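Student: Just the structure for this:
(chains A and B)
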Amino acid sequence: AQSVTQPDIHITVSEGASLELRCNYSYGATPYLFWYVQSPGQGLQLLLKYFSGDTLVQGIKGFEAEFKRSQSSFNLRKPSVHWSDAAEYFCAVGFSGGYQKVTFGIGTKLQVIP
Amino acid sequence: DTGVSQDPRHKITKRGQNVTFRCDPISEHNRLYWYRQTLGQGPEFLTYFQNEAQLEKSRLLSDRFSAERPKGSFSTLEIQRTEQGDSAMYLCASSSRVNRQGGTDTQYFGPGTRLTVL
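Tutor: Model (predicted):
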């Protein structure tokens, strides 16, 4: 069964600093990978996704993520964080075999300080 | 494209009561999903419909839970004889099959229904 690990439960960064959120997955075949963001009390918004092709994926709000097969990782990055980026971020993995179930990580809560 | 909508946004009920939630997917999407998210956790998959057919069900979906999508448009999730452990955010998502490689679709989420069971 596939699984997702987000090792950092909470991260605090200063506004304007760079950000990297870690995600490791476990899945035997080529994964379908997603990053979502959730503001308090709200649903999830898709930031970016990776299915195949270029391993560096650009998303919305200035985010990018890099797929590294050798490390089973899909880390999310942003060069300069804004106060409005404070939220919870979820990494998720889907199947390549046609099943539609998506498995989410536990999430990383991002705090941005002035 | 008005996005996925869910109703109600909040529901408070007493233990033992039945509750029903509604989800309206993005209009052209033929796939619809239900997830449950408890505090401090990521969403957990409950079930998935393609048109009106329920194709996948999680073991989390006990006999007290039932989901329907009778005309392949909106869906309802009913919980019978609610328990305090059912308190959670119930999220609905939808997708349109555009992935020709046959893998997981990109799922678009609604705002969720927060259930509190007293």
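
Student: can you list the residues of chain A near chain B?
Tutor: A:4, A:32, A:34, A:36, A:41-46, A:49, A:51-52, A:90, A:92, A:94-107 (Cβ under 8 Å from any Cβ of the partner chain). Heads up, the C-betas are built off the backbone N, CA and C, glycines and all.

Student: Now do the strands in chain A.
Tutor: Using DSSP state E, the strands of chain A run over A:3-5, A:10-14, A:19-21, A:24-26, A:32-38, A:44-50, A:56-58, A:64-68, A:73-78, A:87-94, A:103-104, A:108-113.

Student: mind listing what A:Val57 touches?
Tutor: A:48-50, A:64-67 (Cβ atoms under 8 Å, 6 or more residues apart in numbering or on different chains).

Student: hang on, the earlier thing: make a PyMOL selection of the buried ones in the residues of chain A next to chain B.
Tutor: Here is the PyMOL command that selects the buried residues among the residues of chain A next to chain B (16 or more other Cβ atoms under 10 Å in any protein chain shown):
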select buried, chain A and resi 4+32+34+36+43+44+46+49+51+90+92+94+95+96+99+100+101+102+103+104+105+106+107
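
Student: List just the nearest of the contacts of A:Val57 to chain B.
Tutor: For those, the closest approach to chain B (Cβ to the nearest Cβ) belongs to A:Lys49, at 5.6 Å.

Student: And the nearest residue to the closest one once chain neighbours are set aside, what's its pLDDT?
Tutor: Leaving aside its sequence neighbours, A:Lys49 sits nearest to A:Phe34 (Cβ to Cβ, 6 or more residues apart in numbering or on different chains; 4.9 Å). Looking at A:Phe34, its pLDDT reads 94.

Student: mind checking how far A:Phe34 is from A:Asn24?
Tutor: 14 Å (Cβ to Cβ, to the nearest Å).

Student: again with A:Ile11
Tutor: From A:Ile11 to A:Asn24 the distance is 16 Å (Cβ to Cβ).

Student: So, low pLDDT: which residues of the chain?
Tutor: In the absence of a named chain, chain A is used. A:97-98 (pLDDT under 70).

Student: oops, I was thinking of chain B
Tutor: Short version for chain B, where the test is pLDDT under 70: B:1, B:98-103.

Student: What residues does it have near chain A?
Tutor: Selection of chain B residues close to chain A by Cβ under 8 Å from any Cβ yields B:4, B:6, B:31, B:33, B:40-45, B:48, B:55-56, B:58, B:91, B:93, B:95, B:99, B:101-112, B:114.

Student: Just the buried residues out of those residues, in PyMOL syntax.
Tutor: Paste this into PyMOL to select the buried members of the residues of chain B next to chain A, with burial taken from 16+ other Cβ under 10 Å:
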select buried, chain B and resi 4+6+31+33+42+43+44+45+48+58+91+93+95+99+103+104+105+106+107+108+109+110+111+112+114
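
Student: Thanks a lot, see you next time.
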